[in-house]
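A.B. asks: dropping the sequence and predicted coords here.
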Amino acid sequence: MNILFVASEAHPLIKTGGLADVAGSLPLALRALGHDIRLILPGYASILEQMDGLQTVATLSLPVTTAPVTLLRGNFPGSELPMYLVDSPEYFARPGNPYVDTDGNDWPDNALRFALFGRAVTSLSMGTVDPDWQPDLVHCNDWQSGLVPALLSQHPKRPASVFTIHNLAYQGLFSWNKFSELALPESFWSADSMEFYDQFSFIKGGLIHADYLTTVSPTYASEILRPEFSCGLDGLLQHRSTDLTGILNGVDYQVWSPDTDSLINSQYEATSPQNKAPNKAALQQMFGLPVRDDVLLLGHIGRLVEQKGVDLIIDAADDILAQDIQLVTLGTGNAALQSRLQKLSAQYPRQVGTHIGYNEPLAHQIEAGADAFLMPSRFEPCGLNQLYSLRYGTLPIVTHTGGLADSVVDASDDAMADGRATGFVMPHADVTSLSARVTAAAELFQQRPKSWKSMMRTAMQQDFGWDRSARAYEALYRKAVTA
Ligand code: ADP
């Protein structure tokens with residue numbers, strides 16, 4: 001099949017979260033299955049700087065903007081995967097993040113930027129731009145590409161479309177004024193299209209108009225049919241539930257594997273777990289903590305937002321740190337959470353280390369150096385860090401929600417006896433559950449080291465590679481194309 005994979009970020013070119021890891025690895029797994037899959041991204045300045053040998057495919061003339069828009073083509077780094085970039089310096093040549101300025105505020109013209117991107121993607125999809133290629137199927141991801149299925153629906157003869165929800169909490173909502181600047185069909189401003197409680201919703205373009213919907217874990221696929229998780233979209237999702245499936249994200253083990261990871265202090269594998277120890281010492285040193293092997297070292301990495309439950313870690317800290325436990329955190333986001341974390345490390349200098357910022361090498365070192373990994377998320381569509389943690393033998397402590405529930409087996413007596421346990425699962429995202437599961441982890445670590453090691457081995461042997469998930473997408477694409 002000819003497949004166009006549409007995303008607003010892809011690792012290693014540009015990344016703010018899990019979508020980038022998926023967009024940088026799923027297309028490669030599908031290509032390995034023999035498909036002509038191509039990736040399309042906005043041509044952010046930082047991507048253009050990293051790319052050599054880009055060729056111009058076409059100059060596009062799009063409504064709304066008189067600014068030049070050019071479709072460029074090259075190969076995704078380190079691969080033969082063809083990649084298109086929508087180059088429009090007026091919209092995409094900016095410092096900082098794809099979505100926010102250097103102060104963390106949304107770019108005021110985000111609606112225009114991603115409408116322009118969506119229009120360019122639609123032109124390529126309809127075969128009017130690249131004379132040599134047209135997709136049979138367009139796979140869109142998150143609100144930034146939500147306009148594409150809506151625009152495609154205007155064409156009677158069009159490629160099939162799939163829309164993947166990576167996080168329903170980000171919907172791309174804009175005022176009527178912004179909508180009116182986009183020169184879209186008036187019919188898009190209606191409840192059965194993209195209007196949502198008097199706002200224009202990019203994500204609804206995908207949810208209403210794509211042929212099939214997916215989300216990134218089976219549990220999240222059922223959770224979002226309920227009001228607690230649906231951010232107001234449960235009615236619509238229930239209506240589309242026969243077209244909605246959950247496919248767990250995979251891990252790119254070329255990037256995240258402790259036996260080959262060049263970003264960590266000492267490489268190791270399931271058969272040589274003792275080689276993990278130098279990573280712990282290095283991590284303790286980096287954060288100025290006492291270098292001790294016998295203390296339980298907890299790690300946390302993530303965007304500092306309410307979803308991830310960092311506030312629960314802070315609220316449970318007095319309880320947790322009354323035990324022989326150290327904690328290192330890496331994250332950026334909400335200013336109040338940043339300062340609370342910094343305060344915590346000032347209060348417990350021998351037990352807590354905090355790094356505020358985005359730091360890919362440090363993320364790898366935390367995965368390798370910590371004994372256990374905290375992910376007390378309130379909801380988690382898939383979550384990747386718990387999957388990385390499993391491979392690094394860093395036992396995840398997670399909430400029973402979304403992809404966390406689908407990937408971590410709690411250290412219950414039964415699961416321990418059967419050798420299936422891979423982590424510690426909190427029944428609820430609250431301080432009591434977090435404190436209790438951390439205490440259980442500390443007891444196991446300190447009092448039953450053999451059981452801990454055997455759990456590490458089980459965790460490291462889990463296979464969450466892309467193969468199975470890529471085949472699930474392939475089967476869905478076939479259904480969509482032949483429908
Ligand atoms: P989300 O997409 O909701 O942010 P995921 O767990 O799916 O969460 O993916 C997050 C990805 O971003 C992981 O690869 C994680 O290591 C990375 N990440 C998040 N915050 C940071 C940070 N401050 N520094 C380095 N990597 C980070």
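C.D. replies: Sure, I can see it.

A.B. asks: indicate whether the host helix or strand of Gly302 makes contact with the ligand.
C.D. replies: Using DSSP states H and E, Gly302 sits within strand 296-304. Yes. Interface with the ligand: strand 296-304 contributes 301-303 (Cβ under 6 Å from any ligand atom). The C-beta positions use only the backbone N, C-alpha and C, and glycine is treated the same way.

A.B. asks: which of those residues has the most neighbours?
C.D. replies: When neighbours are counted by other Cβ atoms under 10 Å, Ile301 leads the residues of strand 296-304 next to the ligand with 25 neighbours.

A.B. asks: circling back: list the buried residues in the helix or strand following the strand holding Gly302.
C.D. replies: Per DSSP H and E, the first helix or strand lying C-terminal to strand 296-304 is helix 310-321. Neighbour-count burial for helix 310-321, counted by 16 or more other Cβ atoms under 10 Å, picks out 310-317, 320-321.

A.B. asks: circling back: which other helices and strands contact the strand holding Gly302?
C.D. replies: helix 277-286, helix 310-321, strand 325-333, helix 335-347, helix 360-369, strand 372-375, helix 385-391, helix 431-447 (3 or more Cβ pairs under 8 Å, 6 or more residues apart in numbering; DSSP states H and E).

A.B. asks: may I have it as PDB, with CA atoms only?
C.D. replies: Extracted C-alpha coordinates of strand 296-304, given in PDB (Å, rounded to 0.1, in the frame of the first residue of the first chain):
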ATOM      1  CA  LEU A 296      16.100   2.400  46.400                       C
ATOM      2  CA  LEU A 297      16.600   5.000  43.700                       C
ATOM      3  CA  LEU A 298      13.400   6.100  42.100                       C
ATOM      4  CA  GLY A 299      13.300   8.000  38.700                       C
ATOM      5  CA  HIS A 300      10.800  10.200  37.100                       C
ATOM      6  CA  ILE A 301      10.800  11.800  33.600                       C
ATOM      7  CA  GLY A 302       8.000  13.700  32.000                       C
ATOM      8  CA  ARG A 303       6.100  16.800  31.100                       C
ATOM      9  CA  LEU A 304       5.200  18.600  34.300                       C
END
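
A.B. asks: closest to the ligand among the buried residues of helix 310-321?
C.D. replies: Nearest to the ligand among these is Val310, at 11.1 Å by Cβ to the nearest ligand atom.

A.B. asks: for that closest one, what are its contacts?
C.D. replies: Val310 makes contact with 300, 302, 304, 329, 331, 337, 341, according to Cβ atoms under 8 Å, 6 or more residues apart in numbering.

A.B. asks: TSV for the residues you listed, including pLDDT?
C.D. replies: Formatted as TSV, these follow (pLDDT from 0 to 100):
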residue	pLDDT
His300	98
Gly302	96
Leu304	96
Thr329	98
Gly331	97
Leu337	97
Leu341	98
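
A.B. asks: would JSON lines of the residues you listed with distance to Leu390 be doable?
C.D. replies: Listed next are the contacts of Val310 as JSON lines, based on distance: Cβ to Cβ, whole Å:
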{"residue": "His300", "distance to Leu390": "16"}
{"residue": "Gly302", "distance to Leu390": "16"}
{"residue": "Leu304", "distance to Leu390": "23"}
{"residue": "Thr329", "distance to Leu390": "20"}
{"residue": "Gly331", "distance to Leu390": "20"}
{"residue": "Leu337", "distance to Leu390": "26"}
{"residue": "Leu341", "distance to Leu390": "25"}
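
A.B. asks: and of those residues, the nearest to Ser180?
C.D. replies: Taking Cβ to Cβ as the measure, Ser180 sits nearest to Leu304 out of the contacts of Val310, at 35.0 Å.

A.B. asks: and the residue of the stretch 51-200 of the chain nearest the ligand?
C.D. replies: Asn167 (6.0 Å).

A.B. asks: if we can go back for a sec, out of the helices and strands packed on strand 296-304, nearest to Leu182?
C.D. replies: For Leu182, the closest of the helices and strands packed on strand 296-304 is strand 325-333, at 29.0 Å, according to Cβ to Cβ.

A.B. asks: now that closest one: how far from the chain's centre is it?
C.D. replies: In terms of Cα atoms, centre = their mean, to the nearest Å, the centre of strand 325-333 is found 19 Å from the chain centre.

A.B. asks: helices or strands next to that strand in the packing?
C.D. replies: So strand 325-333, by 3+ Cβ pairs under 8 Å, 6+ apart, packs with strand 296-304, helix 310-321, helix 335-347, strand 352-356, helix 360-369.
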